[in-house]
Every structure is written in structure tokens, then in C-alpha cells.
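Chemist: Mind folding the following:
(chains A and B, ligands or ions: 1)
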Amino acid sequence: MKKLVILGAGTAGTTMLNKFHKVMDPMDWEITIVDHNETHFYQPGFLFIPFGVYKEEDVIKPKRDFFPKSVNVIMEIIDKIVPPENKVYLKDGTELVYDYLIIATGSDIAPEETEGLKGELWQKCIFDFYTIEGAMKLAEFFKTWEGGKLVINITEMPIKCPVAPLEFAFLSDWFFTEKGIRDKTEIHFVTPLSSAFTKEKCAEVMSDYLVEKNIKTTVDFSTGRVDNENKKIISWDEIEIPFDCLVTIPTNKGNECIARSGMGDELNFVPTDKYTLRSKNYENIFVIGDATDLPSSKAGSVVHFQSEVLFENLMSVIEGREMKAKFDGHANCFIESGFGKALLIDFNYETEPLKGHYPLPLIGPFSLLQETRMNHFGKLMFKWTYWNLLLKGKDIPVSNEMSMKGKIKD
Amino acid sequence: MSTIELAGKQIEVDSDGNLKNLNDWNEETASEIAKLEGIEKLTDRHWLVINFMRKEFMEKGDGPTVRRLTKESGVGTKELYALFPKGPAKKAARIGGIPKPKGCI
Ligand SMILES: Cc1cc2nc3c(=O)[nH]c(=O)nc-3n(C[C@H](O)[C@H](O)[C@H](O)COP(=O)(O)OP(=O)(O)OC[C@H]3O[C@@H](n4cnc5c(N)ncnc54)[C@H](O)[C@@H]3O)c2cc1C
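Modeler: Below is the predicted model:
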């Protein structure tokens, strides 16, 4: 019996489980998936919770609903991986032997990395929206908040879903306008990047929207500490920004089990070949999703594109063939811009987001890098796609390699 | 193709404004670039960081992030920002004549 072990049953782990389960003969293969949490969170939905658009029940489902019957499910904390032994140790002492391992342990926020961030104001007027708890606490806070200085601060790059903080700023503009307190609310977007977004073309468009929506922007701000007493964030070079409500995107890190295994970089991300998705250090280990150190975006859509490449390449390795599939860094993201509209961007390692349209069989086309209602429906539809197609490892009518069709080069 | 003028010579730069050819770099160009970045004089501490950046780039094909610099170069975050205001990794890479580290995007 050969053994395939998958670590983490989030977006990537669940997708890979379903893909391999479909083709692997149960007489020859035992597939095991490990996670410590029974609940699957639809993380893209966290963005909408503070604004009362979604509630907790809209973004959770039992993980087991997405596992095929015959696989081996273990709910326990992963302690560490010991690659030379081909073994995974769980917290309760269980040892799992593997022939092939897929690491899909994702990334989490680490507010404790920044001095004062988890101080006395934490979850009183400092909130995150990258966790369900943070998003719900913020929703409560916004219900009665009467306005003031709202600061949205990215502590450090990389973060998962790099567009989410911008979307949060745009949605705040919409939300406080609808509430009738926009004139009493100053929205301030503070980023360590030198422009509004990681990709230049898109950053220009985003900057225009920020100006148009009267959102103040500070770039090149690397958060050093939070002064709880005077309600300020202070950069490493001593620039101070005051807030009444701080929405923080703390440092993102890979899981501690990666550090315990000695397999990560300084942020616990696993060194991964950017094209094949195989671990740079071990031939029978593949890595997918937010757990990798790839220069691609950490996003659910990216997991989908990676899953097809990983599937093909691991099958090749198993069957003794050369790995042929190549991940091109493809990402596409809807950017919610408020007032029932959104933008769509599509890019990869080499090509910046371009204008034009994105052809999608049956439903499309969607406009690229332009604000439309259609894109907003696309964003909301992603939730259905996520639960019904992506997690189940089914085909989604978008190609994993980026295409230039419909795009306008300038 | 963009160029910058360093010590009276036109030198090619990439789209981030960093030197295009590693061979165009030497300690003198470094001092010139530093001046353009508002750093009048490169001290031993600056050089410690710049040399570490270059070494990492030669070994790995990419310069380190600020976090890695703090952990590995022996210069703390606070001092890094004092030496290279705004963006230590970005600035030290530019002065060190290597491309902008991918982790800083
Ligand atoms: C606010 C927000 C908005 C977002 N919006 C979008 C969007 O609009 N579009 C988009 O495409 N993406 C979006 N994303 C990103 C997307 O959710 C993630 O990129 C995606 O879920 C990554 O999948 P993953 O499988 O790599 O990690 P995860 O889904 O996080 O899964 C990791 C799993 O590993 C488990 N695990 C980790 N360590 C251990 C351990 N030691 N022991 C046991 N189990 C462990 C965890 O419990 C978890 O279930 C958003 C994310 C956030 C936070």
C-alpha cells in the first residue's frame, strides 16, 4: 500500500484530496488528510462580515462535507515533519509514514510580531479582519461607531489576498456613506509598498480610485510599533499616524509546524520551486497555496491554478515520468470597490494586470481593470464556485495558464 | 531604455531604477547612488548591509527582505531604517547595484 499524506484541509488541501481521490486506486493507495479544525472557513467572505453583508453562518461549513468517504481523516495538530524519515508527527504522538507528502498548511496572521499591536486596545479599537473572530468583533464595533479616524494598515508584505485591504478601504467608504457618517469619518490607507498595490499598472488605477473616493493614502510606511496610550501607529523611521479605529493586517506567517520541522524561511514559508511546485529540498514533497514562498499572490484563485499543475506533476513523479506542468504565477482577483461594483484583474509572474475583457464561457465576458456591476456579481458568485467546484476539485471554466485573449496591450 | 548619470557617465537602469548591469557597479558608483538616495556618506554599517545584500543576491539570485536582513546581517530593524530611511531592502539593493528584491514588492 502506498501512502499519500496531505497536511492541512483548507482550500488547497481539500482540493488536492478530491483530485487525487478520483484517480487513485483504493487497493493501492491510502490517502490521509490532517487538520486540527472541523470547520472550513470561506476566508474571502471575512471581508464582508464587518459591514454586515455576511454573517458567520454564511462563511462556514463542516470540513467533512468535502471529504470523500474512503479517505483517512485525522483531526489533530501537526507537530512536525521529518523528511529524512518520511514521517509526520502529530501532537498526540501519532506517527504517519508517507511516500508522498503535500503541504497545504496555509498562512495566518501574527499580530504578536509587532510591538503593542496586541496591547490593551486589541479588539477594543484595534481589529483585524483576516480571522473570523476579528471580523465579527469589528462588525460589532462598527454597529455603534460614530466615526473618526479609520486607519487601514498593512504591517508587512507578503500578505494573503493582497487586494483585501484595498477592498476594505473601498467598502468602508460605501458603508459609512450609507450610514450617513462619511463626513465624520476619515479613511486612511497606510501601506509599506511604494504605491497602492503590488502590480504597477493596477496600482495606478487603484490610486485614482482612492483619490476619487476621498481615501487618504500613505505609502512606504513600515509599521514598527503601536502606541496604545496615544492611539498611534509609528513606523520604524518614527513617522506617526493617529487613529480612532485601527484595522490592521498584521504580519502573515506560515504555520509553526513548518518552523518546528526546520523547513521554512524567516516567515515559515516553505521554499518551493515556482514552476513545478515541488519542495526545493525534498523530491517526494509538494507544496501548495499560502504555505509556499512563491512570488505569486496568496489567493484561493491561485490555489485553483496551482492544483492542476501539482496534480499533473505529482502523478508524473509517481509514474516515473518527467514533470511537465508549469505554474505560470496565474492569479485572478475581483476587487470589490463599493456601491455594488467591482473590478477584475488577471495576471501572472511575467504579465501585469491589463485592461480589456476576460472571456468566460456561458457567463462572461467580465471587464478587466474597470469598475462594473457584472464584476461585483462575479465576486459574489465566487462563493458558490468555491464551495461547489473549487473545493471538490472539479473543473472551473477558466484555464490554469493565463491567456492574452481579450487583453489590450499598450 | 532609461539611464542615470553617475560620476559623469550615463549608466543603464531597469524599470525600478536599479542598475541594469552588475558590471557597472563598484564602490564609487555605490557612493554616487547613495547620494542620489539622500545618503551623503556610506559608513561601515551601511557597507555591512550592502555587502550582505550582494552576497545573498549572488548566492540565491534574489536580495533579502528587511526581515531576513534583520535576522541574518546583524543589524537590527530600527538601525536599518536609520541607515536607509523608508525602505532598507529596496535602498540597499539599489546602492548595492542589484535588482529590487522580489520580496519587497
Ligand atoms: C480576508 C480575506 C479575504 C480573501 N479574499 C480572497 C478573494 O477574494 N479571492 C481569493 O481567491 N482569495 C482570497 N483570500 C485568500 C484565500 O482565502 C487563501 O489564499 C486560501 O484560502 C489559501 O488556501 P490554503 O489551503 O493555502 O490555506 P488555508 O485555506 O488557510 O488552509 C490551511 C489549513 O491548514 C490547517 N493547519 C495549519 N497548520 C496546522 C497544524 N499545525 N495542524 C493541523 N492543521 C493545520 C488549518 O487549520 C487550515 O485548515 C482571502 C483571504 C482573507 C483572509
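Chemist: got the residues of chain B near chain A?
Modeler: Residues of chain B that fall close to chain A, judged by CB under 8 Å from any CB of the partner chain: B:65-68, B:71, B:77-78, B:80-82, B:85-87, B:90, B:102-105. Heads up, the C-betas are built off the backbone N, CA and C, glycines and all.
Chemist: Assign the residue of chain B found nearest chain A to helix, strand or coil.
Modeler: Per CB to the nearest CB, residue B:81 is where chain B lies closest to chain A, at 3.8 Å. Three-state call for residue B:81 (DSSP: H, G, I helix; E, B strand; the rest coil): helix.
Chemist: quick one: pLDDT of it?
Modeler: The score at residue B:81 is 93. That number is its pLDDT.
Chemist: What is the neighbour count of it?
Modeler: Around residue B:81 there are 20 other residues, counting by other CB atoms under 10 Å in any protein chain shown.
Chemist: Equivalent analysis for residue A:303, please.
Modeler: Residue A:303: 25 neighbours (other CB under 10 Å).
Chemist: wouldn't it be in contact with residue A:289 here?
Modeler: Yes. In this structure, residue A:303 is within contact of residue A:289 by CB atoms under 8 Å, at 4.7 Å.
Chemist: Quickly list what's touching both of the two.
Modeler: A:11-12 (CB atoms under 8 Å, 6 or more residues apart in numbering or on different chains).
Chemist: would you list every one of the helices in chain B?
Modeler: Per DSSP state H, chain B carries helices over the ranges B:27-36, B:44-60, B:66-72, B:77-83, B:88-95.
Chemist: Other residues contacting the last one?
Modeler: Right, helix B:88-95. So helix B:88-95 is contacted by A:194, B:16-19, B:30, B:33-34, B:37, B:39, B:42, B:46, B:49-50, B:53, B:57, B:63-66, B:69, B:80-81, B:84-85, B:99-101, B:103-104 (CB under 8 Å, 6+ apart).
Chemist: ok, now the fourth one?
Modeler: The contact list for helix B:77-83 (CB under 8 Å, 6+ apart) reads A:222, A:224, A:235-237, B:39, B:43, B:45-46, B:49, B:66, B:69-70, B:75, B:88.
Chemist: which of the residues you listed tops the neighbour count?
Modeler: Of all these, the highest neighbour tally under other CB under 10 Å goes to residue B:88, namely 28 neighbours.
Chemist: ok, back up a step: so how far is residue A:251 from the residue of chain B closest to chain A?
Modeler: Separation of residue B:81 from residue A:251 (CB to CB, to the nearest Å) stands at 16 Å.
Chemist: How about residue A:313?
Modeler: Applying CB to CB to residue A:313 and residue A:251 gives a distance of 31 Å.
Chemist: same question, residue A:378
Modeler: Relative to residue A:251, and taking CB to CB, residue A:378 is found at 30 Å.
Chemist: Contacts for the helix-or-strand element of chain A with minimal mean pLDDT, please.
Modeler: Of the helices and strands making up chain A, the lowest-confidence element is strand A:407-408, at a mean of 85, by mean pLDDT, DSSP states H and E. By CB under 8 Å, 6+ apart, the residues outside strand A:407-408 that reach it are A:346, A:354-356, A:368.
Chemist: again, only this time at 7 Å
Modeler: A:354-356, A:368 (CB atoms under 7 Å, 6 or more residues apart in numbering or on different chains).
Chemist: can you give me the helices in the stretch 1-150 of chain A?
Modeler: A:11-23, A:132-144 (DSSP state H, counting those that start in this stretch).
Chemist: who wins for proximity to the ligand among those?
Modeler: Across those, the ligand has its closest neighbour in helix A:11-23 (3.2 Å, CB to the nearest ligand atom).
Chemist: right, quick check: the closest one against the ligand, any contact?
Modeler: Yes. For a cut-off given as CB under 6 Å from any ligand atom, helix A:11-23 has contacts with the ligand, namely A:11-13.
Chemist: Format those as TSV; extra columns: neighbour count.
Modeler: Formatted as TSV, these follow (neighbours: other CB atoms under 10 Å in any protein chain shown):
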residue	neighbour count
A:11	28
A:12	30
A:13	27
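Chemist: Out of these, which comes closest to chain B?
Modeler: Chain B lies nearest to residue A:12 out of the residues of helix A:11-23 next to the ligand, by CB to the nearest CB, at 21.4 Å.
Chemist: Chain neighbours aside, what residue packs nearest to that closest one?
Modeler: residue A:289 (3.3 Å; CB to CB, 6 or more residues apart in numbering or on different chains).
Chemist: Please identify which residue in the stretch 51-200 of chain A comes closest to the ligand.
Modeler: The minimum distance from the stretch 51-200 of chain A to the ligand, using CB to the nearest ligand atom, falls at residue A:106 (2.7 Å).
Chemist: separation between the residue lying closest to that residue once chain neighbours are set aside and residue A:17?
Modeler: Take residue A:106 and drop its neighbours on the chain: the residue closest to it by CB to CB, 6+ apart is residue A:290, 4.4 Å away. Applying CB to CB, the value for residue A:290 to residue A:17 is 17 Å.
Chemist: and the residue nearest to residue A:135 when sequence neighbours are not counted, how many neighbours does it have?
Modeler: For residue A:135, ignoring the flanking residues on the chain, the nearest one in space by CB to CB, 6+ apart is residue A:49 at 3.9 Å. Residue A:49: 22 surrounding residues under other CB under 10 Å.
Chemist: Isn't residue A:49 up against residue A:139?
Modeler: Yes. Counting by CB atoms under 7 Å, residue A:139 is a contact partner of residue A:49 at 5.4 Å.
Chemist: For chain A, list the residues in contact with the ligand, please.
Modeler: So chain A meets the ligand at A:8-13, A:34-37, A:43-44, A:46-47, A:77-78, A:104-106, A:129-130, A:160-161, A:164, A:255, A:257, A:289-291, A:298-301, A:303, A:333 (CB under 6 Å from any ligand atom).
Chemist: rewinding a little: redo the residues of helix A:11-23 next to the ligand as JSON lines? Include pLDDT.
Modeler: JSON lines is the format used below for the residues of helix A:11-23 next to the ligand (pLDDT from 0 to 100):
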{"residue": "A:11", "pLDDT": "98"}
{"residue": "A:12", "pLDDT": "98"}
{"residue": "A:13", "pLDDT": "98"}
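Chemist: tally of neighbours for residue 64?
Modeler: You didn't say which chain, so I picked chain A. By other CB under 10 Å, 13 other residues sit near residue A:64.
Chemist: Chain B, not that one
Modeler: There are 27 residues near residue B:64, going by other CB under 10 Å.
Chemist: which residues does it contact?
Modeler: Residue B:64 neighbours (CB under 7 Å, 6+ apart): B:53, B:56, B:72, B:89, B:101.
Chemist: Now which of these would you call buried?
Modeler: B:53, B:56, B:89, B:101 (16 or more other CB atoms under 10 Å in any protein chain shown).
Chemist: Quick check: the farthest pair among those?
Modeler: B:56 and B:89 (10.2 Å; CB to CB).
Chemist: Find residues that contact each of those two.
Modeler: Common neighbours of residue B:56 and residue B:89 (criterion: CB under 7 Å, 6+ apart): B:63-64.
Chemist: Tell me the pLDDT of residue 61.
Modeler: No chain was given, so I picked chain A. The model's pLDDT for residue A:61 equals 98.
Chemist: wrong one, chain B
Modeler: pLDDT, read off for residue B:61, is 88.
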